[in-house]
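Asker: the following block contains a protein sequence and its predicted model.
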Amino acid sequence: MAALLESLLLGKVEAGEAAIWLRNAQVGAALGALRRRPLEFVPFLLNFLRDQCSHTLAHGPATPAKMPSCPKASLRPSGGSGGRGRGSGLRGSRVQLFSPPASPAPAGGHHRGGGRKRSGGSAPTSGGRQGGLRGHQQDGAVACWENVGQRGRGGGGAKGGERQSPPTRVQVNSLEDFPPMTKCPSRATKPSRRINPTPVNGERPHSRPKSCFTSTPLSKPCSPPAFPECTGAAEANVGSPLSLREEREMLKRESSISVNLFCPLCVENLVPSVFLELFFTLQLLTSRSPSPAEGDSVGDNDADVLERGYFRSVHNCVYFAVKVLEDLFELLSHMDKCTLRLLAENERVGLFAPALREQLLKAQDVSTAKVSSAPPSFVHSVSFQPATDNRSNFSSDKAFHIFKKQRDIFYELLRDWEDFHKEPGWQFEAALGGRVRAMVSQLTAAGNHAHFARLFQKQLIQMCKDPRGVASHGDAPDADLLGMLGADSLGRLKRLQERLIQPQGLMGPCPPPSFPGHQEFFRDFLQTASCCQLNQHLKDSLWQELLQLDEVSILGPAAGTGGEGQEEAEGDLEQQDEKQRFSSVLLLARLLAKFLGFISFLPYQTSQPPSREIQEAAIAVRSRVVPVLDVCSVLHGCVRRRRMVLTVPWLVEFLSMLDFTGPYLPCYRTALGLLLRMVLGRGEVCYLNQMLLVAVLGWLFQIPMFPEDMIFREQLDLSEDFHASSQGLDSLPLVDQELLYTCCPYLGEFRKLLAAFVSGSTAKSGGLVRKITPTSAEPRGPPSTRSQQKLEAFFHNQPPSLRRTVEFVAERVGSNSVKHIKATLVSELVRGGERSLREAVAGDGASVPKINDVICARLCDAGMQALEEATRFCSEKGPVALKVLLPEETSPAVLSTAERITKRLATEKACTWLSANITVLIKREWKSTFERVMKSLPNSEEAKEKVAQSCNLDPCGTCAPHCTHQAPRASSVINEMKEVLSVAAGPRDSDETFTVPQLQVLLERVGRTLACRKVNLAPHALLYKVLITRFHVFNHLLLRGGLLTCGKRGSELSCSGGFPSEAGRLLSLSLPLLFSSPSLLFLLMFIFSVTLVPFYIQYSHVTTIIIYRC
Amino acid sequence: MKLCRAEYKTIAKFTDQLKPTRQSLKLLKERFPHHSQSTLLSIFSLEYQKRTKRSISKHHDPDVIESYYQRYLNEAKTRPSSPILLEMANEVDLSPSLLARVVVERFLQDQEDGVSVSKQVVSSMLREPTLIPDVHLARQVEQCTVNDCCYGPLVDCIKHAIGHEHEVLLRDKLRERNLSFLDENQLRAKGYDKTPDIILEVPIAVEGHVVHWIESKASFGDDQSHRTYLNEQFWSYWNRFGPGLVIYWYGFIAELDCQRDRGILLKDCFPSDIVTLCHGAGPS
């Protein structure tokens, strides 16, 4: 490999030829023995490039390269998350340079640091490094850039100016070389050879990238003027201009060769993650730390061609980067507006490639990618649906009531989490753990797991389906603001950056899998609950929904099954709808798959990779278990049916949850191999569709779980699958930029990187690595489809939509008929039963249980007419609905057949259900009615009264015919009566009296209130009781003129049973009497004029007293 | 009417020493003439209930009960025509109705040879003093219940009536607006486990907030009752039906209306700013 690269760099082999060789081999043309070699060459080259840049990028965020240096390395235990390739960046022999260290690799994070240190020799410290860096930029670079008419460097430069310059200042005024780093003083001493920046001519056509370095003499005025002074200084610094030029030419050539080797790999997707390479490229573009003028090695003509420091100067880095960017322009042009703008306004791009800059500016106008502009979605609860959530769906009252509480507790936890989880020191386990487990243990006690799993899943979907809502908290503002401001407002950007970028930090384009936003709650809940029953139920239902999404949901207009697709017009609107539907299905499937993966691999999660022995043992054991999801067949299926654009992204989410051992299990190993191969796969795939696939797959291959040694090894052949079908989702323009960025938020890292550069940030990656581990689960057979042969025959030659419509209508009508019967027939029957029951109970003698049995049996018999009802309902409604839904042009014969089928299916469905359940249903309804009735009879003595009362309490139509419902409210009337009574009962003040007219008004109001039933039909007999009791006193006094002694108290009460109609009648009788009879008036006065009667209105004895006094 | 917490506290503080009599209500109205009477009564009632909850246990001590009863018996002999129980209630700072209940219970114990009678029986006697076998006691009890504006069967009855009337009012208002809804009874019939007064079949927006359900509360919303309602009702409704509206007809502490964005909106009247989602029309 090394030899090959060397000969390439030396120009012995044409880079173009190599590219063809690579490409062909990759695409799968059998090259026999050569087949493996390109696979090995790719990582070799990538490592080479990374290694070359390891110094320059010391300050940038890590490019988490997972580039196995040696493809033959087996089972690497370490995840190696941080730039492994660079880690080996010793300036030693080739073997050392491109092979992994023989000893077990240290943890990923150390790799880079180690490599850097070694290459830097005895670096003093990193203490003054940043200040030094900035100082240099101020002294060297800024001066130069300003000389060429560029803007100042903003915050970074200004800040640097205040700092102390590093001790090893060399080449301060060199145009082409940024001064060396403090950490490499030894090398900084002898600057000799470096490449001058050669501004690319603006007119140079983009198609001729190679020519740019060939013939631009330094003396030639460049488009940005005022160059010579600086370059002159630079030349003065170095030795002979001639030899410099020679070397420069050579380096240019070799750099060009690197570009020519690198770009095809990216363009052709021959690298594991093209976005990682792009990020790397942008890092080069924005590199700040000029490595210690590695001129010594560069200049050394005798030095090995592979060991030259091609990228030891920022200029070379930028040159390389700009070249690559030019070649990758198509990819770039699909990035979001903000990235494009930042790139276009990047001073280095402007200087090195004005043409690219123009292109970028143009692309920016075309770019539609908005980054997360969706408003934060309002959090909704899962709605209660009687059909699935009411008592009849639970095994017992207890289970039902427990679940009622569980639902409330679940939301209480969710709200608490929302309120507090961002507070420092808050921990899910500590704060909510006890309540979660208490609730879950109740689930087990009540057997409500399925119910809770459904609630959990629905809530998860509702809150997390669209990650845009989440992203808008963190990402959107800076994206929008940066986009608005551009690179011009550097000062403001600087502040912005401090506020927005610093805290976030750069994650690099391949952050480990995470659970953003509310997903965290659901993950922590499951982890804390640690309930295997719940997890199993969740797995079942997640998998079911996932399958549905993958299979059914997307039938794009042109991608329908069979010939149906052509039927439907493909208007813009429909396409838009289709796209939207696709987008929501995709996002949902990804969410579900991630959680399915999380639950499935949860039992195997470990924080550290297991040792090799343990891992091998685990592989042996777990290989025998059938995995929860047959990933390979899903994969093959989606390739065959050209639905990769839907399936692969969710599969990636599922697989990203694998534990450390998971990838080595045969099924997943094969699947990962297939996926690796898939990146390279071509076909009629829309650019953005492909971009999405490349992005998610590239990400998968770089996350910690993915074994690096698998890359470039396990590529399996999918080519047969590729040709199997020409129709599918992949060729439809389904993915847009918004969806791309939603699915791959890490693409926003480009923007952050560029913004950080603009604002002079040296924000570094936090290197957060969250480790996630997996699970396995029970296999589940495919749901068998019910087939009816006759129907098959009829539908065979009909468009599939007919069948769907018929089945749909039948399903709905059948179901509606059952609902209708429940609402009408059953409730009528039960009401009738209630009447019978009340009558029977009111009558004497019969035993209640017996009555109950008799009525119940009668109702069940009557319930059998439900079948007729259902048949009638279905026959009536089915055809109507069907007719509306089918095309007008459907032939009469087909229509009538379809109608008959619909009727039959609907009736079958309804009657099957009814005959199995109607009796149970009626019994249940009756039971609750019976219990309610019996409960309303607290004891048998009062039973008759109550029954009579409730029979009279017919809520409808007891108002007078012309009642305007303007009667005083019962509450105020009772209140007034209470007032009167309290005054009457005393104690009272001397001024507290009531006049007869006042009392007359009150009585009149009472009468009106009692007459109007609308407002005053309080649900509680209590209301009437009070009114009645008090009224009775009036009544006795008024109606009977006090001549009647009150009967025993019991009879008063039983009288009150007839209320209110009776009481109202009595009152209406008594009122005229009252006003017509002076004696009664007198009596009333007597009663109420509290000055006369010290205690007035007291029951029989009071009455007696009154009578006596009269 | 909405009150800020400070205003509410002033009123609550004023009720601190009041007895639950009609004279107290008068005082209250005179002291706060600009507040609606129902709001004042509702606040007083809530505050009095809190007071009672704090002190009720000491009145239920058997020895204390015995002393109340003996005192009643004594005074019934010495000054039968005086409002003995009412005066005693005010003296020991207990609601007259509650004292009456205690005494009736104790009285019945004597009657039934020490067997304590069911609560239902006692309640029915309070509701209907003629059922009390002792005429004198009956009169005393009657005097207590009609003079108590915070407890007792009449108060319960009034509260029920008020609650019911406001629900009817709410339904009327909704019908006026042509808003289709399911009421509590319909919901219960369908097997809902938690039932707000109203579920709108088509949600509306009130002051820019989506409303799926409406709960009518014919009382003042103070901290304690609102907290209880939130935990036992409002959040449960939210958990099932999404965001909704609570109408505290007699007002509430304005600061409590802080969950609007989370889906619980408070109003002290039927809202005027209603946007129906189906037509997108503004308030009519």
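Answerer: Arrived safely, thanks for sending.

Asker: for chain A, see how far away the residue minimising distance to the centre of chain B is.
Answerer: Residue closest to the average C-alpha location in chain B (C-alpha atoms, centre = their mean): B:Lys159, at 5.9 Å. B:Lys159 sits 8 Å away from chain A, going by C-beta to the nearest C-beta, to the nearest Å. C-beta here means a position set from N, CA and C on the backbone, and glycine is covered the same way.

Asker: which elements pack onto the helix or strand hosting that residue?
Answerer: Using DSSP states H and E, B:Lys159 maps to helix B:153-176. Contacts defined by 3 or more C-beta pairs under 8 Å, 6 or more residues apart in numbering or on different chains; DSSP states H and E place helix B:153-176 against helix A:970-985, helix A:1021-1039, helix B:119-127, helix B:135-147, strand B:181-183, strand B:198-206, strand B:209-217.

Asker: for the record, mean pLDDT for the helix or strand following the shortest one?
Answerer: Note on strand B:181-183: by DSSP H and E, the next helix or strand toward the C-terminus is helix B:184-190. The average of the pLDDT scores along helix B:184-190 is 85.

Asker: what's next to helix B:184-190, contact-wise?
Answerer: A:386, A:390, B:167, B:182, B:195-199 (C-beta atoms under 8 Å, 6 or more residues apart in numbering or on different chains).

Asker: apply 6 Å and report the result again.
Answerer: A:386, B:195, B:197 (C-beta atoms under 6 Å, 6 or more residues apart in numbering or on different chains).

Asker: are any of the residues you listed buried, and which?
Answerer: B:195, B:197 (16 or more other C-beta atoms under 10 Å in any protein chain shown).

Asker: closest to B:Leu98 among the contacts of helix B:184-190?
Answerer: Proximity of these to B:Leu98 (C-beta to C-beta) peaks at B:Asp197, which lies at 29.5 Å.

Asker: ok, the residue nearest to the closest one when sequence neighbours are not counted - contacts?
Answerer: Excluding the flanking residues, the one nearest B:Asp197 by C-beta to C-beta, 6 or more residues apart in numbering or on different chains is B:Ser216, at 4.9 Å. By C-beta under 6 Å, 6+ apart, the contact list for B:Ser216 reads B:166-167, B:170, B:197, B:247.

Asker: scan those and report the most crowded one.
Answerer: B:Ile247 (25 neighbours; other C-beta atoms under 10 Å in any protein chain shown).

Asker: how much space between the residue of chain A found nearest chain B and A:Trp913?
Answerer: Residue of chain A nearest chain B, by C-beta to the nearest C-beta: A:Asn390 (2.7 Å). Computed as C-beta to C-beta, to the nearest Å, the A:Asn390 to A:Trp913 distance reads 17 Å.

Asker: now swap in B:Glu167 and tell me
Answerer: Shown here: B:Glu167 relative to A:Trp913, a distance of 36 Å by C-beta to C-beta.

Asker: now do A:Glu358
Answerer: Taken as C-beta to C-beta, the span from A:Glu358 to A:Trp913 is 69 Å.

Asker: and if you look at A:Val854?
Answerer: 27 Å.

Asker: neighbour count: these two, which is higher?
Answerer: Using other C-beta under 10 Å, the more surrounded residue of A:Val854 and A:Trp913 is A:Trp913, with 18 against 15.

Asker: quick check: mean pLDDT across the strand or helix carrying that one?
Answerer: Secondary structure from DSSP H and E places A:Trp913 in helix A:892-935. Here helix A:892-935 scores 85 as its mean pLDDT.
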